[in-house]
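Q: Model the following, please.
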Amino acid sequence: MDMTRARPSLYGDIAHGLGFWTDRSAVHEAAAQGRALHLQQLIEGGAAVNMVSVDSITPLHEACIQGQTQCVKLLLAAGAHVDARNIDGSTPLCDACAAGSLECVKLLLEYGATVNPPLFTFSPLHEACMGGNSDCVQIMLDQGALMEAHDCHYGTPLHVACARQHYDCTKVLLNAGANVNAAKLHETALHHAAKVKNTSLIELLVEFGGNVYARDNMNKKPIDYTSHGSPSYCCFEFYENTPLSLQQLSRVTLRRALGTKPSIFFHFSVAGSWVSCWSCPITLHQPLWLLLQVVGPQKDGLMVLTGPVGLS
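A: Predicted coordinates:
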């Protein structure tokens, strides 16, 4: 029996309405291997693009996990379900983010892929952080990905980025306003950074307000996961025994108070005359000294800041 052609009267709408059961079709093979010409011929010949294998994987899943941009484009144009789910609940966007394929991610988003699918496991943003592609992380955040989404095993995307030692992804998340002290079973990103003994991550997290005294469900602080005398141990020992500088404290306090939508609203004086209120964005990477320079001269004026303050 030819299982590559649509038979809605007999096989339609099984496997969550995505298509038809099969072990593995020629469409799956062509999509996974990036054979765009062959895939196009199959589609033109009437092959079903929403066919699913026994684990509910569609050809679009296959193309995305392999980063086959041209095949993804062909499948989407032929009507492939952009939010199809496999047996684990993952969508093609999850797979594209896991593969770190920025072009596939962009294509899926253009076709309306759900940025925050209702999952109990990894979200697309989690997958991007796991794969270590900071560009994918950034585009997902730009599209409204939830930074505090919790995976039942790993925690937030920030936990994942730190556990996998992806510094750039961690910095992108923090600059976007991720909660540096978010906890999973009381375990914070600093605990993960301590476990992998990454001093660069430790320093970055502390700069953004990471709590070096936080205790997990084993009643351990981050320093307790380091070896005595090691660079990571010395790093934590320094932070535990040395007060943060005024600049660091100001940065952390401002970020906590400002939220995640940067804007500035104030009255200001020009040539001795007060002018009307003005609103403008504040760059996430605005140096703290520049922000304080702006705040300083305003004595009688009203100034309200709302927005994250990144590292200079």
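Q: Was I right to think residue 43 contacts residue 73?
A: No: between residue 43 and residue 73 there is no contact under C-beta atoms under 8 Å: 11.5 Å. Where C-beta positions appear, they are placed from N, C-alpha and C, glycine not excepted.
Q: and these two? which has more neighbours close in?
A: A count of neighbours by other C-beta atoms under 10 Å puts residue 43 above the other of residue 43 and residue 73, at 20 against 17.
Q: any idea how far the residue nearest to that one when sequence neighbours are not counted is from residue 98?
A: Leaving aside its chain neighbours, residue 43 sits nearest to residue 78 (4.8 Å; criterion: C-beta to C-beta, 6 or more residues apart in numbering). The gap separating residue 78 from residue 98 is 23 Å, by C-beta to C-beta, to the nearest Å.
Q: If you count surrounding residues, which of the two has more?
A: With neighbours defined as other C-beta under 10 Å, residue 78 and residue 98 compare such that residue 98 has more, 22 against 19.
Q: Tell me the pLDDT of the more buried one.
A: You'll see residue 98 listed with a pLDDT of 95.
Q: list the helices and strands the helix or strand it falls within packs on?
A: Taking DSSP states H and E as the definition, residue 98 sits inside helix 92-99. For helix 92-99, the packing partners by 3 or more C-beta pairs under 8 Å, 6 or more residues apart in numbering; DSSP states H and E come out as helix 59-65, helix 102-110, helix 124-131, helix 134-142.
Q: Just say which of these is most tucked in.
A: Most buried of the helices and strands packed on helix 92-99, by mean neighbour count (mean count of other C-beta atoms under 10 Å): helix 59-65, with a mean of 30.
Q: just how off-centre is it within its chain?
A: With C-alpha atoms, centre = their mean, to the nearest Å as the basis, helix 59-65 stands 20 Å off its chain's centre.
Q: Show me what it is packed up against.
A: So helix 59-65, by 3+ C-beta pairs under 8 Å, 6+ apart, packs with helix 26-33, helix 69-77, helix 92-99, helix 102-110.
Q: Would you format those as JSON lines with distance to residue 252 included?
A: JSON lines is the format used below for these (distance: least, C-beta to C-beta, whole Å):
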{"stretch": "helix 26-33", "distance to residue 252": "47"}
{"stretch": "helix 69-77", "distance to residue 252": "41"}
{"stretch": "helix 92-99", "distance to residue 252": "30"}
{"stretch": "helix 102-110", "distance to residue 252": "32"}
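Q: For residue 155, find the nearest of these.
A: Closest approach to residue 155 among these (C-beta to C-beta): helix 92-99, 17.0 Å.
Q: Enumerate every residue touching residue 59.
A: Under the criterion of C-beta atoms under 8 Å, 6 or more residues apart in numbering, the neighbours of residue 59 are 25, 27-28, 30-32, 39, 49, 51, 71, 75, 80.
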